[in-house]
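Student: Sequence first, predicted coordinates after that:
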Amino acid sequence: MDLIRVDQHKEYRVNKCIYKNEGVSEVYDVLDTEMKRESILKKVWYKDEKEYEWLKREVTNQIVASGNSDYVPGILNFYKQKGFVWIEMQKKQGRSLRDIIDLQMKDANVGIRFSESVKIFRWLCCTMAQLHGEKLFIHKDIKPENIIINTSRECAYVIDFGTSGPWNVKGMGTPKYMAPEQRAEVRGLHVTQATDVFSMGLIFYEMITGKVPEFGKDMVFDPIKKEWLKTFIDEGQISNMDPVAFKIIEKCLQANPEKRYANACVLRRDLWGIKKIKH
């Protein structure tokens, strides 16, 4: 197997390459040969000191988040080298929610079974409630790719903290899962923990229906009225859903953040009202 040597005394044996985008980032499942432990090793390139400081902030954010939640991988090591860094973090067992959704779509061209969607969403809400319990914490990039599902432990791990923190930064995150106030073109709304709630609502919708509404097509936002010009929730696709679940999605996806759940702690309480799980 390949070896990765990060300095004169530290090396990792590669179990497998998880992700590779040459010149941008690479992620490996590795064995720390010195500590005899399995971990995740991430290589990220940077162009200048500004980008390097951004990477340091990501690591700091993840350290803070892992201190507030059992479901965030802890940082084990951080190595700076010329033009790139190595970040070693705890290995959390499970499967990416993106892989779970894509596999279901490939097999049946529909969303995940409703009962399974509710269970996964409850696990995600428990994790995010731990993070939102820290008043300043906002992830700002909640999406299926950043969620790892462990069915045996019945939990969801959250990863990738490059955009997290209390800063009201516009335009950072993944456009497909952004709340209106997070978009650079939308003025007059501030990024809050309700921003994460919007992304979570989109994920719940996607798990059930197999699709995400597109901003600018299904989701047209009026920045003056602070409301949608179209209704993008497809009631036909989720007509068999428990009415409580439907109302939860509606509230998560309110254009005005003040009309959403304030955070995952409040959202989690309503989720337990879904009593009738349909298959």
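Tutor: Good, I have the coordinates.
Student: drop to CA atoms for contacts and neighbour counts, all remaining ones
Tutor: Fine.
Student: pLDDT at Asn168, what is it?
Tutor: Per-residue pLDDT puts Asn168 at 60.
Student: and what of Gly171?
Tutor: Note on Gly171: pLDDT of 63.
Student: Now stretch 57-67: average pLDDT?
Tutor: Here the average pLDDT along stretch 57-67 is 88.
Student: Show me what counts as buried in that stretch.
Tutor: Neighbour-count burial for stretch 57-67, counted by 16 or more other C-alpha atoms under 10 Å, picks out Arg57, Glu58, Val59, Thr60, Asn61, Gln62, Ile63, Val64, Ala65, Ser66.
Student: Nearest to His132 among those residues?
Tutor: Comparing the buried residues of stretch 57-67 against His132 with C-alpha to C-alpha places Ala65 closest, at 9.7 Å.
Student: tell me the contacts of that closest one?
Tutor: Val72, Leu131 (C-alpha atoms under 8 Å, 6 or more residues apart in numbering).
Student: Using PDB, write out every CA atom in the helix or strand that contains it.
Tutor: When elements are assigned from DSSP states H and E, Ala65 belongs to helix 49-68. Extracted C-alpha coordinates of helix 49-68, given in PDB (Å, rounded to 0.1, in the frame of the first residue of the first chain):
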ATOM      1  CA  GLU A  49      -1.300  33.300   3.300                       C
ATOM      2  CA  LYS A  50      -4.900  34.500   3.200                       C
ATOM      3  CA  GLU A  51      -6.100  31.100   2.100                       C
ATOM      4  CA  TYR A  52      -3.800  29.400   4.600                       C
ATOM      5  CA  GLU A  53      -5.400  31.500   7.400                       C
ATOM      6  CA  TRP A  54      -8.800  30.400   6.100                       C
ATOM      7  CA  LEU A  55      -7.700  26.800   6.400                       C
ATOM      8  CA  LYS A  56      -6.500  27.400  10.000                       C
ATOM      9  CA  ARG A  57      -9.900  28.900  10.800                       C
ATOM     10  CA  GLU A  58     -11.600  25.800   9.400                       C
ATOM     11  CA  VAL A  59      -9.500  23.600  11.700                       C
ATOM     12  CA  THR A  60     -10.200  25.900  14.700                       C
ATOM     13  CA  ASN A  61     -14.000  25.800  13.900                       C
ATOM     14  CA  GLN A  62     -13.900  22.000  13.800                       C
ATOM     15  CA  ILE A  63     -12.000  21.800  17.100                       C
ATOM     16  CA  VAL A  64     -14.600  24.100  18.800                       C
ATOM     17  CA  ALA A  65     -17.500  22.100  17.200                       C
ATOM     18  CA  SER A  66     -16.100  18.700  18.300                       C
ATOM     19  CA  GLY A  67     -15.800  20.100  21.800                       C
ATOM     20  CA  ASN A  68     -19.600  20.900  21.700                       C
END
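Student: I'm done for today, thanks for sticking with me.
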